[in-house]
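>>> Here's my sequence, what's the structure:
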Amino acid sequence: MPDPAKPLRVLVSEGSSTSAREAITILGLSGHHVEVCDPSPWCLSRFSRFVRKFHRCPGLRDDPAGYLAFVERRLAGGKFDVLLPTHEQGFLFARVAQRIEGRAGIALPAFESYREAHSKAGFSRLLDRLGLPQPPTRIVQSAQGVREAVRFPAVVKTSVGTASRGIWFVRSADDLMRALHDLGGGDAFAGEVLVQDLVAGTTEKAQSVFCRGRMLGFHAYRQIAAGIGGGEAIKQSVSRPVVRAYLEQIGRALDWQGALSVDYIMPDVDTAPLLIDCNPRLVEPMNAYRSGVDLVGLLLLISLGETPAPLLASREGVLTHLAMQALLGCAARGGTRPDILRECLHLAAARGPYAGSSEELTPVQSDWISAVPLAMTAPVLLASPKLAIKLALGGFGAHLLDAASIRVIESEGFYQHNSSSPGLTGR
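I've put the predicted structure just below:
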């Protein structure tokens, strides 16, 4: 086993998400050798000096078996110390864990636990079993079930979805009709649909890393300014011991191994935080890193089979921002060209809402190539602010799962086929 204090060779499972891009920055600043797999030749992580090699691979969504075979070939011969799943690829790797074991370090729980955390319906049922707070929730399997369950205002969610895909805010009968039209039938209701009461409050997120059911690292932040698609443009680190206790309970119940994140609402009324979503991964870990908690580094140690000491608590009040999210959010909310230009000037001068804040996604000072996607985004939005939605949708690509690919991965035939194919030799 490599010495975890030395630079490691890390294969990152995708390069399109903001979470992967931020993890790559942390890995690079720590001196690790980073290579990335992604189906898009223009993914966000291509624009980083920290990426030593890019591997264009089949899409997880369209060809999960092909993606798995591609990753296996990269791991052949012990070329990498750690395989780091930064997004929904963990669902696949947990399903075929025996094929990865011994070829590279990886930190994932049992597949049954991963699946429960990944499914919004499964997570809601888990919260009920554990007696943890969530908004009033109904789980239905038909359009009629949605109609009967909705109490305005409400949130309608498909059981599968990430980065605000499959979520509708329903405040009126017209909103409900649009949501049902988008849902259609078939796949959406086959995976169940959640109807939750919409609770007024502030959205926050918490991240954690577990080793065999024991929490070793935790961080929380709140949204100061919104970007596009529900993402954060500006974040501030916060102390949330109550949410930490919730996550510890969830991790113990699932015997969790690796990264686990939750979204929650701090209600406007003086009540306990309400858990609303779960992600079995680290979501944008840079605010934690700037706050003194290296969750990515901790995850590497656990991937290598180590049992490191718990990390100290992160600092409160640390501000970070994502310039691309800020510009896209400004344009998507109806911002004009002068509005977008003003936002650009505030970002460049670190003034206004960005005073005292550091950049998460495109850290130009330490990674000059990261300026390229930002430098391309700003002129496009200045030319046509309406393109914001189209640009944002570019991140919801073939590196993610959908209901069909989940069924393929869960099927007995997929597991048997991939288990019976020639395996990898050990190191």
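>>> Need the single longest strand in the protein, by residues.
Of all the segments of type strand in the chain, defined by DSSP state E, the longest one is strand 214-226.
>>> For the residue most central in space within the chain, which three-state class applies?
Centroid-nearest residue in the chain, with Cα atoms, centre = their mean: Val283, separated by 4.1 Å. At Val283, secondary structure determined by DSSP: H, G, I helix; E, B strand; the rest coil is coil.
>>> so what's it up against?
Ser19, Lys205, Gln207, Ser261 (Cβ atoms under 8 Å, 6 or more residues apart in numbering). Backbone N, C-alpha and C define where each C-beta goes, glycine included.
>>> so which pair among the residues you listed is furthest apart in space?
Comparing all pairs in those by Cβ to Cβ, the longest separation belongs to Ser19 and Lys205, at 11.3 Å.
>>> Can you pull out the low-pLDDT segments for the chain?
Residue ranges of the chain with pLDDT under 70: 1-5, 162-164, 185-188, 190, 393-396, 415-427.
>>> Quote the end-to-end distance of stretch 121-139.
7 Å (Cα to Cα, to the nearest Å).
>>> ugh, wrong one, stretch 299-311
In terms of Cα to Cα, the two terminal residues of stretch 299-311 are separated by 12 Å.
>>> For His219, give the beta-bridge partners.
With DSSP bridges applied, His219 shows beta-bridge pairing to Gln207.
>>> measure Ser239 to Leu295 for me?
According to Cβ to Cβ, to the nearest Å, Ser239 stands 16 Å off from Leu295.
>>> These two - which one has more neighbours?
Using other Cβ atoms under 10 Å as the criterion, Ser239 and Leu295 rank with Leu295 on top: 25 against 15.
>>> what's near enough to touch that one?
Gln207, Ser208, Val209, Gly217, His219, Ala259, Leu282, Pro285, Ala288, Tyr289, Leu311.
>>> and if we set it to 10 Å?
By Cβ atoms under 10 Å, 6 or more residues apart in numbering, the contact set of Leu295 is 23, 26, 207-209, 216-219, 259, 261, 282, 285-286, 288-289, 311, 314.
>>> Please apply the same query to Pro153.
Neighbouring residues of Pro153 by Cβ under 10 Å, 6+ apart: Phe169, Val170, Arg171, Ser172, Asp175, Asp197, Leu198, Val199, Ala200.
>>> Now the two most distant members of these.
Between any two of the contacts of Pro153, the greatest separation by Cβ to Cβ is 17.7 Å, found for Ser172 and Val199.
>>> These two: which is more packed in?
Here Ser172 and Val199 are compared on neighbour count by other Cβ under 10 Å; more neighbours surround Val199, at 18 against 10.
>>> The more buried one in helix, strand or coil?
Relying on three-state DSSP, one would call Val199 coil.
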